[in-house]
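Asks: Sequence first, then the predicted structure:
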Number of protein chains: 2
Amino acid sequence: MPGSGSQVTPSHPDLARLAFLFGTWKGQGSGRYPTISPFEYLEESSFNPGPGKPFVTYRQRTRRVGNGEPLHSETGYIRTTDPDRIELVIAQPIGIVEVHTGEIDGSRIRFRSESVGLSPTAIEVSRVERRIEVTGDTMRYQLGMAAVGQPLQTHLEAELIRL
Amino acid sequence: MPGSGSQVTPSHPDLARLAFLFGTWKGQGSGRYPTISPFEYLEESSFNPGPGKPFVTYRQRTRRVGNGEPLHSETGYIRTTDPDRIELVIAQPIGIVEVHTGEIDGSRIRFRSESVGLSPTAIEVSRVERRIEVTGDTMRYQLGMAAVGQPLQTHLEAELIRL
């Protein structure tokens, strides 16, 4: 069901202020970093309220524009804590986990990493910022990253539409 | 489709030695820890090969026996690295992330946490061990945990059947 009517009713009252995220999103993004070639990607993400619990389940998958090759996946949860703060935990199959705290401002969220955990074979990522903004059924996000000795800078930008 | 025929063909050749995990699993477990009352839970978990990538996507949900109340969720990835080692990353909506290394011995895996990341409001967990053993279509696992000042000890034990 397209349009804002597709927003899922929150299953826990604390999630009402995150309802603007709910649903499945599709769109396109671009990536860049000083150490890699720029690339374009297709993305499908979902944000769904936890079953009866004050958290949101997040899943993301991307593919390369052109050949559809799978690129990245990640999954995690947004947890509501007190009225002013939320927390985000993320796991990535490239051996990276992130713990963030964030603030909600209307339908904008800014997450900053509190810690980044790395498996022995992961690339070195030291800091991540994730900004999400929803306007109606359009989501825009930017992901900033300090990694492999480079300072914090924009790595990913994407625009998604709610299905 | 019940029985071993339900095993999914690995989508990446490095995943062949993890094929014993693949599928959706249902069963029951019990939890205990010095700081809480013992409890029984129903579980549904899945381990599915990543789309064309050398990782396995893991998702778990549990409910309380009796009233079906949602208890725990977690999600993450198992990553194959070299022939002798694998890695596991997990995110939990209670503000916890885990990075593990593990060894495979036939259809047994033992993961030990390399690091545990905590959000500002999470309970203090310092170390986790996860053992998984699959015999045919039966999975048994134990989760050991050092948390809230207690030494490493068994927290969860469960037995699941492949659907």
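Replies: Structure's in. What do you need? Numbering: from 1, shown residues only, chains lettered A, B, ... in the order given.
Asks: Spell out which parts of chain A neighbour chain B.
Replies: Contact residues (Cβ under 8 Å from any Cβ of the partner chain) of chain A with chain B: A:50-53, A:55, A:57, A:59, A:61, A:69-70, A:73, A:75-77, A:79, A:81, A:87, A:89-101, A:114-121. (C-beta placed from N, C-alpha, C; glycine too.)
Asks: Now do the contacts for residue A:84.
Replies: Neighbouring residues of residue A:84 by Cβ atoms under 8 Å, 6 or more residues apart in numbering or on different chains: residue A:103.
Asks: before we move on, the earlier item: would you mind checking the residues of chain A next to chain B for buried ones?
Replies: For the residues of chain A next to chain B, a burial check counting by 16 or more other Cβ atoms under 10 Å in any protein chain shown picks out A:50, A:53, A:55, A:57, A:59, A:61, A:73, A:75-77, A:79, A:81, A:87, A:89-101, A:114-119.
Asks: Among these, which are located in strands?
Replies: Secondary structure from DSSP state E places A:55, A:57, A:59, A:61, A:73, A:75-77, A:79, A:81, A:87, A:89-92, A:96-101, A:114-118 of those in strands.
Asks: so what's the closest residue to residue A:85 other than its chain neighbours bridging to?
Replies: Distances taken as Cβ to Cβ, 6 or more residues apart in numbering or on different chains place residue A:101 nearest to residue A:85, at 5.9 Å, with adjacent residues excluded. Listed beta-bridge partners, residue A:101: residue A:87, residue A:112 (assigned using DSSP bridges).
Asks: which residue is nearest the middle of chain A?
Replies: Residue closest to the average C-alpha location in chain A (Cα atoms, centre = their mean): residue A:130, at 6.7 Å.
Asks: my guess is it contacts residue A:111, does it?
Replies: Yes. Between residue A:130 and residue A:111 there is a contact under Cβ atoms under 8 Å: 4.3 Å.
Asks: Now do the shared contacts for these two.
Replies: With Cβ under 8 Å, 6+ apart as the test, residue A:130 and residue A:111 both reach A:88, A:100, A:102.
Asks: Partner strands of the lowest-mean-pLDDT helix or strand in chain A and their direction?
Replies: Among the helical and strand segments of chain A, the one scoring lowest on mean pLDDT, DSSP states H and E is strand A:70-82, with a mean of 93. Strand A:70-82 has its sheet partners listed here by DSSP bridges as strand A:55-64 (antiparallel), strand A:85-92 (antiparallel).
Asks: so which of those strands comes closest to residue A:17?
Replies: Smallest distance to residue A:17 across the strands paired with strand A:70-82 (Cβ to Cβ): 8.7 Å, for strand A:85-92.
Asks: Return, as residue ranges, the portions of chain A with sub-threshold pLDDT.
Replies: Residue ranges of chain A with pLDDT under 70: A:1-11.
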